[in-house]
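1. What follows is a predicted structure for the sequence shown.
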Amino acid sequence: MSDDTTKLFFGSPSQVTELFPATKTKFTNDSVKFNVSNIGIKCRLRYLNDKQTLKGTFKQGLLNQNITFYKTNKLFSFHRPQTPQRPFIYNEKELKFENPNCKYLFHGTLTYPKKEGKYPLVVLVSGSGCQNRDEELFAHKPFMIIADYLTKNGIAVFRYDDRGFGSTDTNMYKGTTKDFAMDTRCAIQMLKKQDCIDPNNIFVLGHSEGGMICQVLGKEGKDLRGLILMAAPFVSGKKILASQTETILRLNHADTHDIETALNDIENAKYDTTTISGLWLNYFYHFEPSMYVSKIKTPMLILQGGMDMQVLADINLSALQKTISQRTHNFTIRQYPDLNHLFQHCNTGNPNEYMQIEETISEQVLKDIKDFILEYSVR
């Protein structure tokens, strides 16, 4: 009898177009069990209705819930009017780079104006989780939109797939925020050699965890003209996990006991650093932004959605103000009352709204980013 060669791929069309290979699978006559280690998923399912339905449990991070899969012939689609459409009025160039500490070849896209010259550059750094160069979520492509907008305004932009993206080798996903900051540093070193880039005008834009990466890079005080931190944490990872968990659970009308249990689990969390997810979570949990931000002299633009339920504006901006209380120049804070964690106009800020909103990113946010880069670029 030959070995079973069945391969299982897991995807969420409402989030990204990519499919992730299962790293551990078990098929029986009445059940399917699989893990997707690189994104921390465990699924345990049983067949129902003559194998037309699979029902069971889904676990990912703090999420633990029942789930049902149905067979369907319908394709899932979204309306995303802001997504740029080719042909573009600027140049696109596919580039590669390596980090000596990570045996992975990174791939990204550089966009820059067609007119010959050297341009200011901004490198885009995504939030937590293994994401593609567009930071794609629910068919939203915010990094593609940012790149399109800035490049049309005379600014070169580089966006790249996260470490290990698309790889079947789960070891490629191993790393902490500090390791990912080194990935960005290696990208910058590669980009300095591009003829169209002005090496004296390099900026880094980070969203969510990408904002933490900006803090790590900014502390080095090296060759960056400016940092743009979008929904970046300014309190410890532990406080971020507690505040977002409590806020989102209350928004979803969770039972008081369940909220208390979840908060107690966070308070007493211990992470197995021999695992990929445990290694990252342990670093994030203990990360103290004040240790980095207080040492940054590079100009900073801090952007925060007032209805962000993942990185809450009040506690994070209050902590930031304390950290930089002695600083009198070179930083700007923009808080947008009606925007969520993705910088969309929203009703409540609850993450379950993200995919229902057609807007990908506020036009005002795009303008503020552009203005900051042009203001601080050395001419």
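-> Yep, it's here. Numbers count the residues shown, from 1 in each chain.
2. tell me the SS of Q244?
-> Here Q244 is helix, with the state taken from DSSP: H, G, I helix; E, B strand; the rest coil.
3. Please disregard the earlier target; I meant A181.
-> Recorded secondary structure, A181: helix (three-state DSSP).
4. what about the nearest residue to it once chain neighbours are set aside, which SS state?
-> Nearest non-adjacent residue to A181, counting by C-beta to C-beta, 6 or more residues apart in numbering: V216, 4.0 Å away. Bear in mind the C-beta positions are built from the backbone N, C-alpha and C, glycine included. The three-state assignment at V216 reads helix, by three-state DSSP.
5. do the same with M355
-> M355 ends up helix, using three-state DSSP.
6. I'd like the distance between it and L45.
-> Distance check for M355 against L45: by C-beta to C-beta, to the nearest Å, it reads 23 Å.
7. With Q82 instead?
-> Taking C-beta to C-beta as the measure, Q82 falls 36 Å from L45.
8. Can you tell me how far V204 is from D371?
-> V204 is 17 Å from D371, by C-beta to C-beta.
9. same check, this time on E358
-> Distance, E358 to D371, using C-beta to C-beta: 25 Å.
10. mind listing what the nearest residue to F180 once chain neighbours are set aside touches?
-> Closest residue in space to F180, ignoring its immediate chain neighbours: I213 at 5.7 Å, by C-beta to C-beta, 6+ apart. Contacts for I213 (C-beta atoms under 8 Å, 6 or more residues apart in numbering) come out as 125, 177, 180-181, 184, 204, 206.
11. One more: R86?
-> Residues near R86 by C-beta under 8 Å, 6+ apart: none.
12. what about it, helix or strand, and which?
-> Under the criterion DSSP states H and E, no helix or strand holds R86.
13. Also L205?
-> In the assignment (DSSP H and E), L205 maps to strand 197-207.
14. So which residues make contact with that strand?
-> Contacts with strand 197-207, where a contact means C-beta under 8 Å, 6+ apart, come from 112, 118-127, 135, 142, 146, 156, 184, 188, 191-192, 212-214, 217, 223-232, 369, 373, 376-378.
15. try stretch 318-338
-> So stretch 318-338 is contacted by 234-235, 289-290, 293-294, 297-307, 313, 317, 343, 345-346, 362, 364-365, 368, 372 (C-beta under 8 Å, 6+ apart).
16. Swap in 6 Å and give it another go.
-> Residues outside stretch 318-338 that contact it (C-beta atoms under 6 Å, 6 or more residues apart in numbering) are 234-235, 290, 293-294, 299-306, 345, 368.
17. What is the nearest of these to T273?
-> Set against T273, the nearest of these by C-beta to C-beta is V235 (22.1 Å).
18. which one is the closest one nearest to, not counting chain neighbours?
-> A319 (4.8 Å).
19. Show me which positions of the strand or helix carrying that neighbour end up buried.
-> A319 is part of helix 313-323, with elements assigned from DSSP H and E. For helix 313-323, the buried set under the neighbour-count rule, 16 or more other C-beta atoms under 10 Å, comprises 313, 315-317, 319-320, 323.
20. and that helix, how far from the chain's centre?
-> 21 Å (C-alpha atoms, centre = their mean, to the nearest Å).
21. Which element is encountered next along the chain beyond that helix?
-> That would be, after helix 313-323 and using DSSP H and E, strand 331-336.
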